[in-house]
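Trainee: Structural data only, the sequence is not supplied:
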Ligand SMILES: Nc1ncnc2c1ncn2[C@@H]1O[C@H](COP(=O)(O)OP(=O)(O)OP(=O)(O)O)[C@@H](O)[C@H]1O
């Protein structure tokens, strides 16, 4: 074993009985080492089963056991053991001390975590998943975790708002064991508190920038959709997520804030949608007793009902194009086209919409395994806004089927009804507000509901909603994937045409 202190890398070379080195060697970076122990643990399929106390007085006085993480395939991470034997106990102790000290010096390793478990999320297995698959890894890495079982909706939001400053400042990471809804509570609460602590007014949509919370976020996917965790790691495998938390992986993620005038409604790090997707979520709430299958049932019902909503989407592109964009015409009368009203955004489109979908991150979920927004990234400083005007039931079904089976990527060249833009902020003005002065009964204009990271938000008939992106606002326990790694190229056509990141395509649209 050789230790490169400058690069913080261990090189293991397997020796022949005569001391000559073989070709078998591996390099292990310290940021991939979970722990170093005097006593071994039992691993089953790359995961710890029985840990036991690390006691140097046990029967392996001349050995140390190094547990490091490996990527077993494109998505899944597991643990491996390297047992190193020394000729004397003194030599072993010297090595052990040097390695343990180097491990302690790693600045990104979390020491204190706050863990929220929603015992009723998804299939109700969150607590079991935490105890069996997550806690042993945290124990191995020596991470202290304070665990709280949520008792009601908003419990963890309130808990974090009321946390005393000393505890708040000692937390290195917040882990939610549940679905996207629980994570959204954690996200909103942390982002809001970070702004209060730094005297920033988060309700002001024009604010220069928000303060990045000092703690990182982690999700153990124990909910129904687990979209955010699947997007970050390319999988919702709980042990993979736990390994990234334990070794302190770090990546920055974009976040959007949702405003109604001077009121902050939500903070989102996933997908915001109006029309069909919002209605599916609203309808699915009536069928919670069916479990995760309720989404498929409500999708069928909503497709049959086929709602469309009149409104105006105005937006500002994240990068100005060289040539002005061409748009389909607005549904008349449009006050902005007529010149009777001005708009703070560069572009607008007023029509009847079947879908308005904004993705802050690519959005991998069981229903969109190939990404809803394949051309956006986790922390690329932009969100993708997709609009589909009123289309027939058949056309809508075709669009949904293509997204589910091939992802959003295949849809863009094929569907002329789909309009996608890379934006930094946008506004939705509901039909009733536009028609206010021109209709006798604006309240009779139908309003849909928003699906905000899997939570329902009804669209008020008399207020516009504003959305603003805050690039790389939060840090997540995950890795920026190496796009040039050949393992991401899964088939010949992908290899030839583009770089693949799990199932997320990175090349932006030119
Ligand atoms: N103990 C609890 N009882 C009831 N609701 C809770 C509890 N804890 C959290 N919640 C709320 O339940 C909602 C859904 O939780 P979560 O996301 O964990 O599970 P889910 O069933 O997978 O939902 P989703 O459909 O959002 O994925 C969250 O908005 C959260 O605020």
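Mentor: Right, received. Where do you want to start? Every value quoted in this text rests on a predicted model; they were computed, and no experiment measured them.

Trainee: what's the helix or strand for the nearest residue to residue 407 once chain neighbours are set aside?
Mentor: Computed as CB to CB, 6 or more residues apart in numbering, the closest residue to residue 407 that is not its neighbour in sequence is residue 370, at 2.7 Å. (Each C-beta comes from the backbone N, C-alpha and C, glycine too.) Secondary structure assignment for residue 370, by DSSP states H and E: no helix or strand.

Trainee: Tell me how many other residues crowd residue 370.
Mentor: Neighbours of residue 370 under the rule other CB atoms under 10 Å: 19.

Trainee: Assess the claim that it and residue 402 are in contact.
Mentor: No: using CB atoms under 8 Å, residue 370 is not in contact with residue 402; the gap is 9.9 Å.

Trainee: where does residue 458 fall, phi/psi-wise?
Mentor: Reported as degrees, to the nearest 10, the phi and psi values for residue 458 are phi -70, psi 140.

Trainee: Tell me how many other residues crowd the residue nearest to it when sequence neighbours are not counted.
Mentor: Nearest non-adjacent residue to residue 458, counting by CB to CB, 6+ apart: residue 449, 5.1 Å away. If you count neighbours by other CB under 10 Å, residue 449 ends up with 21.

Trainee: show me what contacts residue 449?
Mentor: 274, 278-279, 281-282, 456-459 (CB atoms under 8 Å, 6 or more residues apart in numbering).

Trainee: And the pLDDT for it?
Mentor: Here the pLDDT value assigned to residue 449 is 92.

Trainee: same question, residue 504
Mentor: With respect to pLDDT, residue 504 scores 38.

Trainee: One more: residue 376?
Mentor: pLDDT at residue 376 comes out at 83.

Trainee: any idea how far the nearest residue to it once chain neighbours are set aside is from residue 432?
Mentor: Distance criterion CB to CB, 6+ apart; nearest residue to residue 376, sequence neighbours excluded, is residue 384 at 4.5 Å. Residue 384 sits 27 Å away from residue 432, going by CB to CB, to the nearest Å.

Trainee: more crowded one of those two?
Mentor: Taking other CB under 10 Å, residue 384 and residue 432 do not tie; residue 384 has more neighbours (26 against 22).

Trainee: Now for the more buried one: which residues touch it?
Mentor: Listed by CB under 8 Å, 6+ apart, the contact set of residue 384 reads 358-359, 373, 375-376, 420-423.

Trainee: so is it in a helix, a strand, or just coil?
Mentor: Classification of residue 384 using DSSP: H, G, I helix; E, B strand; the rest coil returns strand.

Trainee: For it, give the beta-bridge partners.
Mentor: Taking DSSP bridges, one obtains residue 359, residue 422 as the residues bridged to residue 384.

Trainee: how much space between it and residue 10?
Mentor: 42 Å.

Trainee: How about residue 317?
Mentor: Taking CB to CB, one finds residue 317 at 48 Å from residue 10.

Trainee: Of the contacts of residue 449, keep whichever come out buried.
Mentor: With neighbours counted using 16 or more other CB atoms under 10 Å, the contacts of residue 449 contain these buried positions: 274, 278-279, 281-282, 457, 459.

Trainee: So residue 81 sits against residue 42, correct?
Mentor: No: in terms of CB under 8 Å, residue 81 does not count as a neighbour of residue 42; the distance is 9.8 Å.

Trainee: Looking only at neighbour counts, state which of the two leads.
Mentor: More crowded of residue 81 and residue 42, by other CB under 10 Å: residue 81, with 15 against 11.

Trainee: Report the secondary structure element holding the more buried one.
Mentor: Using DSSP H and E, residue 81 sits within strand 77-85.

Trainee: Could you check how sure the model is about that strand, as an average pLDDT?
Mentor: Per-region confidence: strand 77-85 scores 92 on mean pLDDT.

Trainee: and the next element down the chain from that strand?
Mentor: Tracing the chain C-terminally past strand 77-85 and defining elements by DSSP H and E, one meets helix 89-105 next.

Trainee: Now do that next one, average pLDDT.
Mentor: pLDDT averaged over helix 89-105 gives 92.

Trainee: Against the ligand, how distant is the residue nearest to residue 376?
Mentor: Computed as CB to the nearest ligand atom, to the nearest Å, the residue 384 to the ligand distance reads 22 Å.

Trainee: quick one: stretch 352-367 near the ligand?
Mentor: No: using CB under 6 Å from any ligand atom, stretch 352-367 stays clear of the ligand, with a minimum separation of 9.3 Å.

Trainee: Nearest residue to residue 341 in space, please, no chain neighbours.
Mentor: Nearest in space to residue 341, with sequence neighbours left out and distances taken as CB to CB, 6+ apart, is residue 335 at 3.8 Å.

Trainee: neighbours around the one you found, how many?
Mentor: Neighbour count for residue 335, taken as other CB under 10 Å: 16.

Trainee: Next one: it from residue 390, what distance?
Mentor: Between residue 335 and residue 390 the distance is 20 Å, computed by CB to CB.

Trainee: Residue 6 now?
Mentor: As judged by CB to CB, residue 6 and residue 390 stand 62 Å apart.

Trainee: The two - which one has more neighbours?
Mentor: Higher neighbour count among residue 6 and residue 390: residue 390, with 17 against 5, using other CB under 10 Å.

Trainee: How about residue 220: what's its closest non-neighbour residue?
Mentor: Using CB to CB, 6+ apart and skipping the chain neighbours, the partner closest in space to residue 220 is residue 177 (4.3 Å).

Trainee: quick one: contacts for the one you found?
Mentor: Going by CB under 8 Å, 6+ apart, the list of residues near residue 177 reads 115-118, 121, 126-127, 129-130, 134, 219-220, 222.

Trainee: what's the spacing between it and the ligand?
Mentor: Distance, residue 177 to the ligand, using CB to the nearest ligand atom: 8 Å.

Trainee: Torsion angles phi and psi at that residue?
Mentor: With angles defined as degrees, to the nearest 10, residue 177 sits at phi -110, psi 100.

Trainee: Okay, and the beta partners of it?
Mentor: Using DSSP bridges, the bridge partners assigned to residue 177 are residue 117, residue 220.

Trainee: Tell me the predicted confidence for it.
Mentor: Among the per-residue scores, residue 177 holds a pLDDT of 97.

Trainee: and the gap between it and residue 264?
Mentor: According to CB to CB, residue 177 and residue 264 sit 26 Å apart.

Trainee: looking at this, residue 242 is in a strand?
Mentor: No: counting by three-state DSSP, residue 242 falls outside a strand, being helix.

Trainee: what ranges do the helices span in the stretch 101-250 of the chain?
Mentor: 126-129, 135-141, 155-162, 165-170, 180-197, 227-233, 238-247 (DSSP state H, counting those that start in this stretch).

Trainee: could you dump those helices to a markdown table with distance to residue 215, mean neighbour count and mean pLDDT?
Mentor: Formatted as a markdown table, the helices of the stretch 101-250 of the chain follow (distance: least, CB to CB, whole Å; neighbours: other CB atoms under 10 Å; pLDDT from 0 to 100):
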| stretch | distance to residue 215 | mean neighbour count | mean pLDDT |
| --- | --- | --- | --- |
| helix 126-129 | 21 | 20 | 96 |
| helix 135-141 | 16 | 20 | 94 |
| helix 155-162 | 10 | 17 | 95 |
| helix 165-170 | 9 | 12 | 95 |
| helix 180-197 | 7 | 22 | 95 |
| helix 227-233 | 16 | 29 | 91 |
| helix 238-247 | 12 | 26 | 96 |
